[in-house]
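S.K.: What follows is a predicted structure for the sequence shown.
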Amino acid sequence: MLKFSPTTPIVFYASVSEYVPGKGQTETWQKIGTLYGEWRGSFGDRRLNAQALGVSDSATVRTFYHPDIYSKMKTNRTVVIKNADATAIKDGEPDKLNPNCYEVWGGVDNVLEANQYMEFAVRRYEGL
């Protein structure tokens, strides 16, 4: 049985791309849900490996399985807002200067395919 301490509120936003007549292809960020999770910052070998890839701030997150959030994370670019910080989204866009704004890095895992927990890595959001 997986044990973790879900003490950090996390808000998920997915990038949705659509064609708007007269404007062309547009990208919007849509809130897909809020969960509590365990936020573990990177250290040691993980931190060194991330830094070698140009990632200065990363973490591993464990949270409860939610089928809609999991599905969006599998198919859409996803931003994760640590501490449910309401200031991390400005004018409908993730704020790359906000220290609580992260993006999913490397996909999401449905732990043991048991539909109980999700685990994923995040890195500081830097925009496009």
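M.R.: Yep, it's here.
S.K.: Surely H66 and Y117 touch.
M.R.: No. Look at H66 against Y117 with Cβ atoms under 8 Å: they stay out of range, at 10.3 Å. C-betas here are computed from N, CA, C, even on glycine.
S.K.: more neighbours, those two?
M.R.: A side-by-side neighbour count of H66 and Y117, using other Cβ atoms under 10 Å, places Y117 first with 20 against 17.
S.K.: What are the contacting residues of the longest strand belonging to the chain?
M.R.: In the chain, assigned by DSSP state E, the strand with the most residues is strand 24-41. Contacts to strand 24-41, defined as Cβ atoms under 8 Å, 6 or more residues apart in numbering, come from residues 4-20, 58-64, 66, 68-69, 72, 78-79, 82, 84, 89, 92-94.
S.K.: where do the strands sit along the protein?
M.R.: With strands called from DSSP E, the chain shows them at 8-20, 24-41, 58-64, 78-82, 89-90, 93-94, 101-110, 117-124.
S.K.: Any chance of a markdown table for the ones you listed, columns mean pLDDT?
M.R.: Shown next, in a markdown table, are the strands of the chain (pLDDT from 0 to 100):
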| stretch | mean pLDDT |
| --- | --- |
| strand 8-20 | 93 |
| strand 24-41 | 92 |
| strand 58-64 | 91 |
| strand 78-82 | 96 |
| strand 89-90 | 94 |
| strand 93-94 | 94 |
| strand 101-110 | 93 |
| strand 117-124 | 92 |
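S.K.: Alright, I will stop here.
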